[in-house]
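> need the 3D shape of this:
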Amino acid sequence: MNPALDLNRHPCFHAESHGHCGRIHLPVAPRCNLKCAYCNRRYNCVNESRPGVTSAVLSPHQAVGYLERVVAAEPRISVVGIAGPGDPFANPDETLTTLRLVRERCPEMLLCVATNALGLPPLLDELPALGVTHVTVTVNAVDPAVGASLYAWARDGKVIYRGPEAAAVLLERQRLAVTGLKARGILVKVNCIVVPGVNDHHVAEVARTVAGWGADVLNVMGLVPTAGTPLADVPEPGPELLRELRAEAERFLPQMRHCRRCRADAVGLLGEDRSGEFAPLLQEAAEAPPPLRTDRPHVAVATREGMLVNQHLGEARSFQVWARKGAGFLLVEERPAPPPGGGPDRWRRLAEGLGDCRAVLVSGVGEGPRAILTEAGVVPIEMDGFIELGLSAVFSGVDPTRFRRRRAGCSRGPGCGGDGSGCG
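Presented below is the predicted three-dimensional model:
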């Protein structure tokens, strides 16, 4: 951690700074590992302000470029946060890469993450190493019987827990996360979302428990009833109920009373949000091509027959490696891909094997592999069509994604039950 950083410049943790210190949320974490009964991330409206909503999702490099443009226009930004639209630690590669890039390019910024903490414990040592100073953990229940009404499922790797078992697994991870963060000197705020008739009787117990874990401040928030969720018809708790619950919880922890329930792409002061104003910049950033290492002489290609770019990164068993030769291109060699399995290590091995390539042309790529390869300087570029067209675009600095065919959304379509088993 940079000892020169003024930790009091975080407007959520320090109420006295929220009138002159701002925050920006970088929406780089689209996936989630927890199905909350009040959350719906399908809406994209600039006029809607609640967690889980964003106008775009950015890659880590796009996010840093966007950050630099926003800070030039809004110099009161003092905190860079990652708060979704899914959970940051369900997208660990994107989250950690973004934090690393921000720390390198904007060392004066405080770094913050907001999470449900299900995936956080294995990554605890990464956060202080990156200079993360503040973490918010959402804890809505400390009794699995209560939590079972708030969470449909929790996904831990390839295992999906449901009902009270999901709430119990989540609660244990939250305990490990908060105690682990405090052991590493990181400030911790706990958010508790009040759902009338479900956990409003339980807030003081949440406060007492997380105070015992070492949390620094508690934010008692009201439910935002959201269409398309099991709790859509539950009324939003009124200000009198929230005042009573905060007063009761304050016996155990200091209270945050100036929360604005920010979007995943929030920008500006808490009381002067500029998300709508910066939405065009966000959209431009989302469409920006990634930077390429022009000092690397080669481009890799995923192809079935050697004429078209027509293989997904994950299905390619080998990659052709091409170089520029005169006015044309030369096939240098064909390199084997690491065998399937192994998770992120597979993509790190592929990045090493293609270490002299500035890009890899593919018909599709997942966000996790994309983040790992991009961080290693082998930028995955999605396109369809002739290899020569892609090579010509990459070597001449033109964006080859313009050759990409538009695809339909989720392959499971209306049959998708949102059961957390992925898109196949």
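
> strands along the stretch 251-400 of the chain, start to end?
When assigned using DSSP state E, counting those that start in this stretch, the strands of the stretch 251-400 of the chain occupy the ranges 267-269, 272-273, 298-301, 308-309, 318-325, 328-336, 357-362, 379-382, 385-386.

> do you know which of these lies nearest G212?
strand 267-269 (33.3 Å; C-beta to C-beta). (Each C-beta comes from the backbone N, C-alpha and C, glycine too.)

> CA atoms of the lengthiest helix in the chain as PDB?
In the chain, ranked by residue count with DSSP state H as the criterion, the top helix is helix 163-183. C-alpha atoms of helix 163-183 as PDB (Å, rounded to 0.1, in the frame of the first residue of the first chain):
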ATOM      1  CA  GLY A 163     -31.200 -23.100   0.100                       C
ATOM      2  CA  PRO A 164     -29.800 -23.100   3.700                       C
ATOM      3  CA  GLU A 165     -26.700 -24.900   2.500                       C
ATOM      4  CA  ALA A 166     -25.900 -22.000   0.100                       C
ATOM      5  CA  ALA A 167     -26.500 -19.500   2.800                       C
ATOM      6  CA  ALA A 168     -24.200 -21.400   5.200                       C
ATOM      7  CA  VAL A 169     -21.400 -21.700   2.700                       C
ATOM      8  CA  LEU A 170     -21.700 -18.000   1.900                       C
ATOM      9  CA  LEU A 171     -21.700 -17.000   5.600                       C
ATOM     10  CA  GLU A 172     -18.500 -18.900   6.300                       C
ATOM     11  CA  ARG A 173     -16.700 -17.300   3.300                       C
ATOM     12  CA  GLN A 174     -17.900 -13.900   4.500                       C
ATOM     13  CA  ARG A 175     -16.400 -14.600   8.000                       C
ATOM     14  CA  LEU A 176     -13.100 -15.700   6.500                       C
ATOM     15  CA  ALA A 177     -13.100 -12.700   4.100                       C
ATOM     16  CA  VAL A 178     -13.800 -10.000   6.700                       C
ATOM     17  CA  THR A 179     -11.400 -11.400   9.300                       C
ATOM     18  CA  GLY A 180      -8.800 -12.000   6.600                       C
ATOM     19  CA  LEU A 181      -9.100  -8.400   5.300                       C
ATOM     20  CA  LYS A 182      -8.800  -6.900   8.700                       C
ATOM     21  CA  ALA A 183      -5.700  -9.100   9.400                       C
END
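
> give me the contact list for it.
Here helix 163-183 makes contact (C-beta atoms under 8 Å, 6 or more residues apart in numbering) with 34, 115-121, 124, 127, 135, 137, 139, 141-142, 144-148, 150-154, 156, 161, 188, 190, 210, 213-215.

> the next helix or strand after it packs against which elements?
Going down the chain from helix 163-183, the next helix or strand is strand 187-194, by DSSP states H and E. Under the contact criterion of 3 or more C-beta pairs under 8 Å, 6 or more residues apart in numbering; DSSP states H and E, strand 187-194 touches strand 132-138, helix 163-183, helix 203-213, strand 217-222, helix 239-249.
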